[in-house]
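Asks: Need a 3D model of the following:
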Amino acid sequence: MKTTTCSKRYTSPYEFLPKSDSRFREAFARDVAMSESLTTTAASERRLAPGPKGSFLLGNLGAAREDPIKLFLGAAMEHGDLVRFRFGPRIGHLVRAPEFVRHVMQEHSKNYGKQTPGYRRVQYVLGQGLLTSEGDFWLRQRRIAQPGFHRQRIAGFGETFVRCTQELMVRWQEHVASGKPIDVLYEMMKLTLRVVALTLLSKDLEQDADAIGEAVSDILMNANERMTAMIDIPPHIPTRKNRRFNKFLRVLDDVVLGLIRERRKDTADRGDLLSMLMLAKDEETGETMTDGQLRDEVMTIFLAGHETTANALTWTLMLLSQHPGELRLAQEEVKKLGDRALTAADFPQLTRVRACIDEGMRLYPPAWMVARSVAADDTIGGYHIPGGSICFTSPYVSHRNPNVFDNPLGFDPARFLDGRSERWPRFAYFPFGGGPRLCIGNNFALLEASLILATMLQKVRLELVPGHDTSPEPSITLRPRHGMKMWVKPA
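Replies: Model prediction:
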């Protein structure tokens, strides 16, 4: 067999860049130097975790871009609870075992921050909101925002959750009569967008839902592309993609900043989350949020608060349609409460409905992957974790751990009933994260999803259109790549 050799041997993975790209070349040179410092230590001194080899030039970066779920899930199945990757010049590790996840997210959380390239690029949209900020600033913002998510305050939103869903069910009756399928993902996005706008801003955005929904989808797609891009072109550089990104970001900013300016003229408490954020003061300093801080927090809750819940509901409805026995049990539970409008007070009786949502998020967690930057050298499970690298925790991968879950790929809501889930190790199941950075809106999301699903089960059942491609799209959130085509049938 004839072999060929490369006429030029590159000393850096980025030597092929044009000499005119000096800014990028300097940045890459720093990354390559860091990578070399991370990998040249003798294995006898620092034990390296196993992992897929990947290509000489890019390591595992190509596989991560092509199908990150396949890469991470497959690597964990082959190599175990801690897997080492190389993404171009960067080193990354995936942790799967509950004790390893706890190490990163709780016990040593200060060593695992959010200064990853991905989070820095998400800041183009969310600014210094709770999702992206760190340190004393994050702690101050968390203290101010926390009262707005108190259980009693959230319970007051129950009527809004139910009313919006009931109105959607009325509109769905035409689909029952016509037999035409609907895209459940699209419908859930519109519903949760309306809910979060009413509860956060006291603003009904139903008439603007399509325009705002398009803006949100495009912005999230752009943010996801930036998170995996080797070269990030900042939004102020007027490329075609950046012009489109800035156009859609202005759509959302106009809504959020316009409402903030309007509220500054009338500071009365309207009972929504925006009023709470504007009126709240830091207990230690007495400071309130500036307009810029309010914008970042509102944008974070606005985007995360409807996208994630819509995805969770869509996946749960798909799974219930594939498991009619589980659907029947959930419907029977709801029927026991009568045909009246449900309230937040019914939440404790919706144990099986809640279990269906929990199990849906086990298999399809909306926040499927979380990246952390490693500040200083560490050791996990006897393996060296170098400072300057990236550490990944993935609910999608951990929730399929056969060492923790029986039938890990099966849909079994009963695993969340009768105290069974309480026997799992902490961080075996973590759809809302954990430790100091536990999602502040977890109780809001669970009440919202449970009341929406229960209200839907009172009126309809959904059947997946045969042959519809239900492949997940691992973006910042985990949504169905091709939507979710389903038929609406009477309950």
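
Asks: What distance do you get for the residue nearest the centre of the chain to His399?
Replies: Taking C-alpha atoms, centre = their mean, the centroid of the chain lies closest to Ala367, which sits 2.6 Å from it. Distance of Ala367 to His399, computed by C-beta to C-beta, to the nearest Å: 12 Å. Yep, even glycine has a C-beta here, placed from its N, CA and C like the rest.

Asks: Ok, Pro436 next?
Replies: 22 Å.

Asks: Tell me how many other residues crowd Ser55.
Replies: Ser55 has 12 neighbouring residues, counting by other C-beta atoms under 10 Å.

Asks: which residue packs closest to it, ignoring adjacent ones?
Replies: Distances taken as C-beta to C-beta, 6 or more residues apart in numbering place Gly62 nearest to Ser55, at 6.3 Å, with adjacent residues excluded.

Asks: Surely that neighbour is in a strand?
Replies: No. Assignment of Gly62 by DSSP: H, G, I helix; E, B strand; the rest coil gives helix, placing it outside any strand.

Asks: returning to that earlier point: got any residues that touch both of Ala367 and His399?
Replies: Common neighbours of Ala367 and His399, using C-beta atoms under 8 Å, 6 or more residues apart in numbering, are Pro431.

Asks: okay, and the helix or strand of the protein with the least pLDDT?
Replies: Ranking every helix and strand in the chain by mean pLDDT, DSSP states H and E puts helix 22-39 at the bottom, with a mean of 49.

Asks: Pro436 and His399: which is more packed in?
Replies: Ranked by neighbour count (other C-beta under 10 Å), Pro436 and His399 place His399 first, with 22 against 12.

Asks: Okay, the more buried one and Pro413: tell me how far apart.
Replies: Distance from His399 to Pro413, by C-beta to C-beta: 14 Å.

Asks: and if you look at Arg437?
Replies: Distance, Arg437 to Pro413, by C-beta to C-beta: 27 Å.

Asks: which residues of the stretch 251-400 of the chain fall in strands?
Replies: Assigned strands in the stretch 251-400 of the chain, in chain order: 370-374, 378-380, 383-385, 390-393 (criterion: DSSP state E, counting those that start in this stretch).

Asks: Pipe those into a markdown table and attach mean pLDDT per row.
Replies: Output for those, formatted as a markdown table (pLDDT from 0 to 100):
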| stretch | mean pLDDT |
| --- | --- |
| strand 370-374 | 95 |
| strand 378-380 | 98 |
| strand 383-385 | 98 |
| strand 390-393 | 97 |
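
Asks: now the strands for the stretch 1-150 of the chain?
Replies: Under DSSP E, counting those that start in this stretch, the stretch 1-150 of the chain gives strands at 82-87, 90-95, 112-113.

Asks: Return the residues in contact with Ile69.
Replies: Contacts of Ile69 by C-beta under 8 Å, 6+ apart are Trp368, Tyr396, Pro472, Pro474.

Asks: Might you specify the subset of those residues located within helices?
Replies: Tyr396 (DSSP state H).

Asks: which of the contacts of Ile69 count as buried?
Replies: Burial by neighbour count, judged by 16 or more other C-beta atoms under 10 Å, picks out Trp368, Tyr396, Pro472, Pro474 from the contacts of Ile69.

Asks: Enumerate every residue touching the last one.
Replies: What it means is Pro474. Neighbours of Pro474 in contact, by C-beta under 8 Å, 6+ apart: Pro68, Ile69, Trp368, Met369, Tyr396.

Asks: Out of those residues, which comes closest to Leu131?
Replies: Among the contacts of Pro474, Met369 lies closest to Leu131 (C-beta to C-beta), at 13.9 Å.

Asks: gap between the residue nearest to the closest one when sequence neighbours are not counted and Val122?
Replies: Using C-beta to C-beta, 6+ apart and skipping residues adjacent in sequence, the residue nearest Met369 is Ser394, 4.8 Å away. Using C-beta to C-beta, one gets 17 Å for the distance from Ser394 to Val122.

Asks: Repeat that for Thr309.
Replies: From Thr309 to Val122 the distance is 19 Å (C-beta to C-beta).

Asks: And those two? Which one has more around it.
Replies: Thr309 (26 against 23).

Asks: residues contacting the residue nearest to that one when sequence neighbours are not counted?
Replies: Leaving aside its sequence neighbours, Thr309 sits nearest to Thr192 (C-beta to C-beta, 6+ apart; 4.8 Å). When contacts are counted by C-beta under 8 Å, 6+ apart, Thr192 touches Gly305, His306, Glu307, Thr309, Ala310, Leu313, Glu448, Ile452.

Asks: and if you look at Asp253?
Replies: Arg295, Met299.

Asks: mind giving me TSV with the contacts of Pro474 and columns for distance to Leu198?
Replies: Putting those into TSV (distance: C-beta to C-beta, whole Å) gives the following:
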residue	distance to Leu198
Pro68	35
Ile69	34
Trp368	28
Met369	30
Tyr396	31
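
Asks: which of those residues lies closest to Gly127?
Replies: Distances from Gly127 to the contacts of Pro474, taken by C-beta to C-beta, are shortest for Met369, at 21.8 Å.

Asks: Neighbours of that closest one, how many?
Replies: 22.

Asks: who touches Arg270 in this structure?
Replies: Per C-beta under 8 Å, 6+ apart, neighbours of Arg270: Ser202.

Asks: and the gap between it and Gly292?
Replies: Arg270 is 21 Å from Gly292, by C-beta to C-beta.

Asks: Could you do Gly156 as well?
Replies: 28 Å.

Asks: again with Gly305
Replies: From Gly305 to Gly292 the distance is 20 Å (C-beta to C-beta).

Asks: Nearest to Ile357, out of the strands of the stretch 251-400 of the chain?
Replies: strand 370-374 (20.2 Å).

Asks: higher neighbour count, Arg437 and Pro413?
Replies: For Arg437 and Pro413, the more surrounded residue by other C-beta under 10 Å is Pro413, and the numbers stand at 24 against 21.

Asks: The more buried one contacts Leu363, doesn't it?
Replies: No. Under the criterion of C-beta atoms under 8 Å, Pro413 is not in contact with Leu363, lying 10.7 Å apart.

Asks: what's the neighbour count on Gln115?
Replies: 11.

Asks: Test my guess that Asp81 contacts Pro98.
Replies: No. Using C-beta under 8 Å, Asp81 is not in contact with Pro98, being 9.1 Å away.

Asks: Could you export the buried ones among the contacts of Ile69 as TSV, including pLDDT?
Replies: Output for those, formatted as TSV (pLDDT from 0 to 100):
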residue	pLDDT
Trp368	96
Tyr396	98
Pro472	97
Pro474	92
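
Asks: Tell me the pLDDT of Val255.
Replies: Looking at Val255, its pLDDT is 86.

Asks: So it versus Glu262, what's the distance?
Replies: Where Glu262 is concerned, Val255 sits at a distance of 11 Å (C-beta to C-beta).

Asks: Compare the two and say which is more crowded by neighbours.
Replies: Val255 (21 against 11).

Asks: show me what contacts the more buried one?
Replies: Per C-beta under 8 Å, 6+ apart, neighbours of Val255: Lys203, Leu205, Asp208, Ile212.

Asks: Over to Pro147?
Replies: Arg153, Met276, Ala280.

Asks: Pretty sure the second one sits against Gly148.
Replies: Going back to what we said before, that points to Met276. Yes. Using C-beta under 8 Å, Met276 is in contact with Gly148, at 3.9 Å.
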